[in-house]
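**Student:** okay, predicted coordinates and the sequence, questions at the end:
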Amino acid sequence: MDFSSIGIILLGSSVGLILRIIIQNNLKINIGFDIQNITIVNFISSFFLGIFVSINFTNNSILLLFYIAFLGCFSTFSSFI
């Protein structure tokens, strides 16, 4: 793995972590039943994973940035991604 791939993974995971913390701490939704913010984060990340899989990227840098780095750090089921 070269340094550009490591930089891409660091950038994507930093953005994913910051966005996850913002959503977990600041999002208050009252929809009639109790839903935890971590569930909302997992719904959002699985939605984006479905979109990114259907697009079928051929560029390895974009694959590293979105699949492994961003969604891996944004969701709690990062080992499955």
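**Tutor:** Done, it's in. Being a predicted model, the structure only gives us computed values, none of them experimental. Residues are numbered from 1 along each chain as shown.

**Student:** which residues touch the lowest-mean-pLDDT helix or strand in the chain?
**Tutor:** In the chain, no helix or strand scores lower on mean pLDDT, DSSP states H and E than helix 60-63, which sits at a mean of 78. For helix 60-63, the surrounding residues in contact (C-beta atoms under 8 Å, 6 or more residues apart in numbering) are Ser4, Ser5, Ile8, Phe57. Every residue, glycine included, has its C-beta placed from N, CA and C.

**Student:** show the buried residues in the residues you listed.
**Tutor:** In those, burial by neighbour count holds for Ile8, counting by 16 or more other C-beta atoms under 10 Å.

**Student:** dump the contacts of helix 60-63 into JSON lines; add secondary structure and distance to Ile23 as well.
**Tutor:** Converted to JSON lines, those look like this (DSSP: H, G, I helix; E, B strand; the rest coil; distance: C-beta to C-beta, whole Å):
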{"residue": "Ser4", "secondary structure": "helix", "distance to Ile23": "29"}
{"residue": "Ser5", "secondary structure": "helix", "distance to Ile23": "27"}
{"residue": "Ile8", "secondary structure": "helix", "distance to Ile23": "23"}
{"residue": "Phe57", "secondary structure": "coil", "distance to Ile23": "24"}
